[in-house]
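1. Coordinates for the following, if possible.
(4 chains)
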There are 2 protein chains.
Amino acid sequence: MNHDLLLANVAKHITLTDEEKAYFISLLNVKKLRKKQYLNQEGDIAKGPSFVNSGILRSYSLDKNGYEHVIQFAPPGWWIGDMASMIKQEPGKLYVDALEDSEVIWIWKADLDKLFVEVPKFERFFRILAENSVATYQSRLVNYLSLPAIERYAGFCKQYPSLIQKLPQKQVASYIGVTPEFLSKMLNNTVI
Amino acid sequence: MNHDLLLANVAKHITLTDEEKAYFISLLNVKKLRKKQYLNQEGDIAKGPSFVNSGILRSYSLDKNGYEHVIQFAPPGWWIGDMASMIKQEPGKLYVDALEDSEVIWIWKADLDKLFVEVPKFERFFRILAENSVATYQSRLVNYLSLPAIERYAGFCKQYPSLIQKLPQKQVASYIGVTPEFLSKMLNNTVI
DNA sequence: CGTCTATTTGAATGTACTCAAAAGCGGTGG
DNA sequence: CCACCGCTTTTGAGTACATTCAAATAGACG
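-> Just a heads-up that it's a prediction; the model follows:
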């Protein structure tokens, strides 16, 4: 149970006293996930934000035809979760699971709210986190609306060069919004 | 120059003293926009978050074929801006303009940073704002990845019933990610 | 080794786009 | 007040990008 990666992540944006660190750590929970294990399933109420300490997680939705659509990948050092479900504390529409054996550090939404009151610096930290997330989603939407699949793939490779090597092609296809068959054809120039 | 709508918006999440209100107001700028006038153009560095007091604004990107892709509509009471450009203070990829004569209240990023230090409650306010925005983008992405155009249109009508009446069909088409021609055909069942 | 899943390949299909042109609509100026 | 201009919406034909379904092949893992 090592919080170094998380504390380094926090330290990027705010500076904590030892006491504040200790309090923060006292609120944390750790969960080990086996490959394919769920952190969250559709219909669950998201417990709170989750930080990936090791492994890779992803969030995705399932459409009525049973196809998965990846919303986010989270390698070590990233946060993941179903924000809508977390905010409203309502059953969510996203699944979160592990693509490989992983370790996650997470905090109850109720504890986070306490933390915001006790150590207001964390308001800043999570504000910055959310703002960065907004920027990422905005740019993803721009890509999705204005680029053909092949360029969305190129953009993904450029933005996440280390991820691309670890992910099954199927997962990347889902993230860029095409079927695995079509991505395969694109990469092998079988698209005529 | 009436800040009531903005103050009511702020009051939804945090409670300010009269002094804090006065300080906040002292940092605000007002801009009137004529229909079609830009608040921000591609390549501009976003000044800071903008609150729509009256009218309707939209943000959009322009692809290399010259087609517009609407990222967001902002009726009165909503915030809008190019988050990536604002955070990094780098030239952005989004345009923001007025779909009708509008009035916008905005704050310089540098003043906002000062505000966060002077009145930390605003960290909370903008954290909540950004979190809601993340939730909205997540759900929009889910829709985009997993629903056919006709259902994205239905979803838009359901989610923004009052907006749909005010917007030119062309703008809605762009938001849901189809050409104006195709939306017209969908609505008139000319799609065979 | 066998099983399960991922990837590839092919053919047929479908959803949505492009281009072009006509029709509708709203604002503005003479 | 109405005619005209510019922009939006509609309609049609042809096309392209991406999907579906099916089946073969390849990889990964116990």
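2. Distance from the chain centre to stretch A:125-143, please.
-> How far stretch A:125-143 lies from its chain's middle: 12 Å, per Cα atoms, centre = their mean, to the nearest Å.
3. how about that stretch against DNA strand D, any contact?
-> No - remark: stretch A:125-143 sits outside contact range of DNA strand D, by Cβ under 7 Å from any atom of the strand, the gap being at least 11.4 Å. Every C-beta, even on glycine, is put in place using the N, C-alpha and C of the backbone.
4. and that stretch, is it in reach of DNA strand C?
-> No - Stretch A:125-143 lies out of reach of DNA strand C by Cβ under 7 Å from any atom of the strand, never closer than 14.4 Å.
5. quick one: contacts for the residue most central in space within chain A?
-> Closest residue to the average C-alpha location of chain A: A:I80 at 3.0 Å, with Cα atoms, centre = their mean. Neighbouring residues of A:I80 by Cβ atoms under 8 Å, 6 or more residues apart in numbering or on different chains: A:L39, A:P49, A:S50, A:V52, A:L57, A:R58, A:S59, A:Q72, A:A74, A:V96.
6. which residues sit against stretch A:129-140?
-> A:13, A:79, A:83, B:71, B:82-84, B:87, B:93-94, B:126-127, B:130-131, B:133-134, B:137-138, B:141.
7. One more: stretch A:173-190?
-> Contacts for stretch A:173-190 (Cβ under 8 Å, 6+ apart): A:60, A:67-70, A:73, A:144, A:149-150, A:152-153, A:156, A:169-170, A:172, A:191, B:144-145.
8. what's the following helix or strand after the longest helix anywhere in chain A?
-> The residue-count maximum for a helix in chain A (DSSP state H) belongs to helix A:121-146. Later in the chain than helix A:121-146, the nearest helix or strand by DSSP states H and E is helix A:149-159.
9. pLDDT (mean, whole number) over the helix or strand following that next one?
-> With elements assigned by DSSP H and E, the helix or strand that comes after helix A:149-159 is helix A:161-166. Averaging pLDDT along helix A:161-166 gives 93.
10. From the rest of the structure, what touches helix A:161-166?
-> So helix A:161-166 is in contact with A:I56, A:F73, A:P75, A:E100, A:F156, A:C157, A:V172, going by Cβ under 8 Å, 6+ apart.
11. Tell me which of the residues you listed fall in strands.
-> A:F73 (DSSP state E).
12. Can you flag the buried ones in the contacts of helix A:161-166?
-> Buried subset of the contacts of helix A:161-166 (neighbour count, 16 or more other Cβ atoms under 10 Å in any protein chain shown): A:I56, A:F73, A:P75, A:F156, A:V172.
13. The residue nearest to the centre of chain A bridge partners, please.
-> In this structure, A:I80 bridges to A:S50 when assessed by DSSP bridges.
14. coming back round to it: just the buried residues from the contacts of stretch A:129-140, in ChimeraX please.
-> Applying 16+ other Cβ under 10 Å to the contacts of stretch A:129-140 leaves a buried subset, and the ChimeraX line that selects it is:
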select /A:79,83 /B:71,82,83,84,93,94,126,127,130,131,133,134,137,138,141
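15. Tell me the residues of chain A that contact chain B?
-> Proximity of chain A to chain B (Cβ under 8 Å from any Cβ of the partner chain) is limited to residues A:61, A:63, A:67, A:69, A:71, A:82-84, A:87, A:93-94, A:116, A:120, A:123-124, A:126-127, A:130-135, A:137-142, A:144-147, A:177.
16. roughly how far out does stretch A:47-58 sit from the chain middle?
-> Distance, centroid of stretch A:47-58 to centroid of chain: 7 Å (Cα atoms, centre = their mean).
17. show me what contacts the residue nearest to A:P120 when sequence neighbours are not counted?
-> Closest residue to A:P120 apart from its sequence neighbours, by Cβ to Cβ, 6 or more residues apart in numbering or on different chains: B:P120 at 5.3 Å. Contact analysis of B:P120 by Cβ under 8 Å, 6+ apart lists A:P120, A:E123, A:R124.
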